[in-house]
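Asker: how does the following fold in three dimensions:
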Amino acid sequence: MLDPNPQDINRIYQGFNEAYDDSPDKFDFVRIDPFCDNNNGVRLGLNNTVAKGYWDLFRANGDLLICIADGMYGHQYQQTILPRQDVLTLRFVLSGALRLSSTDTLSDADALIPQACASVLYMPKDKEFDLTVAGGSHLCSVTIHIAPEFLYAGFGIEPERLPMGLADVLYNRKFENTPYNLPLTPAMMNNILELVNMPYAGARRRLFTEAKTAELICLLFQEAEKGSLTDVILPANSRKKKLFEAQKILVENYASPPTIAELARLTGLNRSALSAEFKDMFGVTIFKFCQDYRLNQARERLLNSELSIAQVAESVGYDHPTNFSSAFKKRYGILPKKIRSN
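Answerer: As a prediction, this is how the structure comes out:
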């Protein structure tokens, strides 16, 4: 094993790398030294009583580490993260209940990471954090650990064009109990699902991951600069907060979503206003948002489980497999049974 560079961002997940080096047979990728620049990635399989799923780790270069996580957690799961350099973490959480806590007993930092949100955190060098996934939750997320200077230079970030709170995290490197959270747009959600469901292997898998990760970062800062996204923590009477809450409810209950009338009652919005403003903010109707999310979840299950088509249809809220097959073909241009044969 090579002696890692202490400034290598891959050391954030040193436990994964050490496990990979000791037991390479646990991972799907061809064994390449985890500190090598041409590494295509490693897969940490989670197939025990705690969780069923995986974490994929990719390193594009010494300044960028990408983690794709997808799994169902039957029990609470905890992983210690140790940054060996100052790092900015962009975490795009489609679903799952996450908490990031400082292991320093003198600190009370406890960052909650909401689902259907992008969270921006500054993580200082040599300060350990415990990442906790709550039991009973399905974690689907993309996390990008990036060196601050690489983010500034590589993506043309200009602090004066960002909301003040976000610029404070990025440039003043401020860690607080509550991270800077921004709601995911439908484009970000689809991007996450494309990464989770990518059909490629080897070098193509790495290239696709790097391209989609760059796109995620661009989407995040493009929206932030336009001012179309605002902090999740907004005044209680904010209409935007209510729309973000509606989106969160739909994600959490995608298999059996509330009716528009029920959603309006839960968020305190007028039914017609909710429908119109949801489409204006997220670019799709409430029905289309729910349907696309359900079908994306179904596609994931078809590709990554042994469930029958009828079982997959039922798991995402379709009572009749024929209706599911029709909607699936309309969305993807292919019948569910063909996606497996392909």
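Asker: which residues touch residue 214?
Answerer: residue 155 (Cβ atoms under 8 Å, 6 or more residues apart in numbering). Quick note: C-beta positions are derived from backbone N, CA and C, even for glycine.
Asker: next one: the strand or helix carrying it to chain centre, how far?
Answerer: Assigning secondary structure by DSSP states H and E places residue 214 in helix 202-226. Distance, stretch centre to chain centre, for helix 202-226: 12 Å (Cα atoms, centre = their mean, to the nearest Å).
Asker: then the following helix or strand past that helix to PDB, C-alphas only?
Answerer: Going down the chain from helix 202-226, the next helix or strand is helix 239-252, by DSSP H and E. What follows is helix 239-252, C-alpha atoms only, in PDB (Å, rounded to 0.1, in the frame of the first residue of the first chain):
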ATOM      1  CA  ARG A 239     -45.000  30.900   0.600                       C
ATOM      2  CA  LYS A 240     -41.800  29.500  -0.700                       C
ATOM      3  CA  LYS A 241     -41.200  27.500   2.500                       C
ATOM      4  CA  LYS A 242     -44.700  26.100   2.100                       C
ATOM      5  CA  LEU A 243     -43.900  25.000  -1.500                       C
ATOM      6  CA  PHE A 244     -40.700  23.400  -0.400                       C
ATOM      7  CA  GLU A 245     -42.600  21.600   2.400                       C
ATOM      8  CA  ALA A 246     -45.100  20.300  -0.300                       C
ATOM      9  CA  GLN A 247     -42.200  19.000  -2.300                       C
ATOM     10  CA  LYS A 248     -40.700  17.300   0.800                       C
ATOM     11  CA  ILE A 249     -44.100  15.700   1.600                       C
ATOM     12  CA  LEU A 250     -44.400  14.300  -1.900                       C
ATOM     13  CA  VAL A 251     -40.900  12.800  -1.800                       C
ATOM     14  CA  GLU A 252     -41.500  11.200   1.600                       C
END
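Asker: buried stuff in helix 239-252?
Answerer: 240-251 (16 or more other Cβ atoms under 10 Å).
Asker: what segments of the stretch 1-150 of the chain are helices?
Answerer: 14-22, 148-154 (DSSP state H, counting those that start in this stretch).
Asker: centre of the chain to the last one, how far?
Answerer: Yep, that's helix 148-154 we're talking about. Distance, centroid of helix 148-154 to centroid of chain: 21 Å (Cα atoms, centre = their mean).
Asker: what's the end-to-end length of stretch 253-273?
Answerer: 21 Å (Cα to Cα, to the nearest Å).
Asker: pLDDT below threshold where in the stretch 101-250 of the chain?
Answerer: Residues of the stretch 101-250 of the chain meeting the criterion pLDDT under 70: 103-110, 174-178, 227-237.
Asker: list the buried residues in stretch 300-319.
Answerer: 300-302, 309, 312-314, 316-318.
Asker: equivalent analysis for stretch 287-304, please.
Answerer: For stretch 287-304, by 16+ other Cβ under 10 Å, it's 289-302.
Asker: got a markdown table for the buried residues of stretch 300-319, with pLDDT and distance to residue 172 too?
Answerer: Below are those laid out as a markdown table (pLDDT from 0 to 100; distance: Cβ to Cβ, whole Å):
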| residue | pLDDT | distance to residue 172 |
| --- | --- | --- |
| 300 | 72 | 38 |
| 301 | 79 | 43 |
| 302 | 82 | 45 |
| 309 | 91 | 52 |
| 312 | 90 | 47 |
| 313 | 91 | 49 |
| 314 | 92 | 50 |
| 316 | 89 | 43 |
| 317 | 91 | 44 |
| 318 | 92 | 48 |
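Asker: just put the residues you listed in a markdown table and tack on distance to residue 67.
Answerer: Formatted as a markdown table, these follow (distance: Cβ to Cβ, whole Å):
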| residue | distance to residue 67 |
| --- | --- |
| 300 | 17 |
| 301 | 22 |
| 302 | 24 |
| 309 | 31 |
| 312 | 26 |
| 313 | 31 |
| 314 | 31 |
| 316 | 25 |
| 317 | 29 |
| 318 | 32 |
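Asker: dump the residues you listed to a markdown table, plus distance to residue 335 and secondary structure.
Answerer: What follows is the buried residues of stretch 300-319, written out as a markdown table (distance: Cβ to Cβ, whole Å; DSSP: H, G, I helix; E, B strand; the rest coil):
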| residue | distance to residue 335 | secondary structure |
| --- | --- | --- |
| 300 | 17 | helix |
| 301 | 15 | helix |
| 302 | 10 | helix |
| 309 | 9 | helix |
| 312 | 12 | helix |
| 313 | 12 | helix |
| 314 | 17 | helix |
| 316 | 16 | coil |
| 317 | 19 | coil |
| 318 | 14 | coil |
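Asker: with that, I have no additional questions.
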